[in-house]
Every structure is written in structure tokens, then in C-alpha cells.
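Enquirer: sequence unknown, structure follows:
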């Protein structure tokens, strides 16, 4: 059971209410997951929401690769909320069910796309080694370019933070919490 519920709307400070409205506007009117925790610290919530939107709304990673990345991080941290949420989004983005299953079983999915294969290798290496070795760095720069590699590394860091929040505050997965 979730350890820390978001403050009730009538009990929110004006800054929290403003952030709540802003965040719900890009999330279908629902504030769940890590933002339901971060809303208690508006200076962090606003910054996290801006970075989250930079990945979700204006990021250069294609949706399939992005959702694969998030699933890999969620699986690594055993973050049930992120896994359930992003498995659904990954399917909607066109990531095959077999690929999602492979990630959940610590197997490498079959890739037709070289960019996705490289992104998978980068994420896998970052989670295991906390850095990129020279060979993988050169391959990623060649395949993805600097901008996409920076975004990939930053997204792994951001979603690691998200998963740590979800796990530390024991945020229930969407189905358990009665959300879609």
C-alpha cells in the first residue's frame, strides 16, 4: 500500500494547486505515480515535471525506443508502478509484446532497428556499469549522434530517480490503485 498519499486538493498550498493543475493538464486529468509524491515539494515537482515533459512531449527518442528504455529501468529497479504503466504505453507505441516479455525476463529482444538495438545496449550498460565503455560510446555516437545519446543517458538517470521514488514510497501499480 502506498506509504504517502498526495495531499487532498483542499489542503494544497496555492503553489501545489497550481502545479497540480499544470501537471494534470498533460496527464489526462490524473496525477499519479511519482508526481503524486513530488507534489509535496513544489520546487522539485515543477523541475521534475519540466524534465519529464522534455522527454515525453518534445524528446527526440522515438516512442518505441523511449518506452523500451523506461521499461528497462523499471525492470532493473523492480518498480511495479512504472512497469505496469509503461508496458501499456510500450504496446501502444508499437513495441512488440515479445520485446516487453524479453525485457521482463532479462533477455535481449530481437531488433530490426539498429537505433533501438544501440539504445538497448546503452541502457543495459548504464544500469549494469553506471557508465559507457569506449567501444559502446563510439558505437552510440556513430549510430545515434551526440544529442540522442545525451537524451538517452539523461532519461536513464531521470527514470532511475522516478523508480527510486516509486519504490521508496511504495506507490501502488495503476491496477491496484484503481486507475486505468
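Expert: Yep, that arrived. Owing to the predicted nature of the structure, the values given are computational and were not obtained by experimental measurement.

Enquirer: Mind checking the pLDDT average for stretch 119-128?
Expert: Averaging the model's pLDDT scores along stretch 119-128 yields 98.

Enquirer: from here on, count from 59
Expert: Fine by me, first position is 59 from now on; the one you just mentioned is stretch 177-186.

Enquirer: Could you measure from residue 184 over to residue 217?
Expert: 11 Å (CB to CB, to the nearest Å). (Glycine included, C-beta is placed from N, CA and C.)

Enquirer: For these two, work out which one has more neighbours and name it.
Expert: residue 217 (27 against 21; other CB atoms under 10 Å).

Enquirer: How about the contacts made by the more buried one?
Expert: Neighbouring residues of residue 217 by CB atoms under 8 Å, 6 or more residues apart in numbering: 127, 128, 131, 132, 140.

Enquirer: Just the buried ones among the residues you listed, please.
Expert: Buried by 16 or more other CB atoms under 10 Å: 127, 128, 131, 132, 140, out of the contacts of residue 217.

Enquirer: I'd like the domain boundaries of the protein, if you could list them.
Expert: Taking automatic domain parsing as the domain assignment, the ranges for the chain are 67-114, 121-226.

Enquirer: Straight-line length of the first one, end to end?
Expert: What that stands for is domain 67-114. With CA to CA, to the nearest Å as the measure, domain 67-114 spans 26 Å from end to end.
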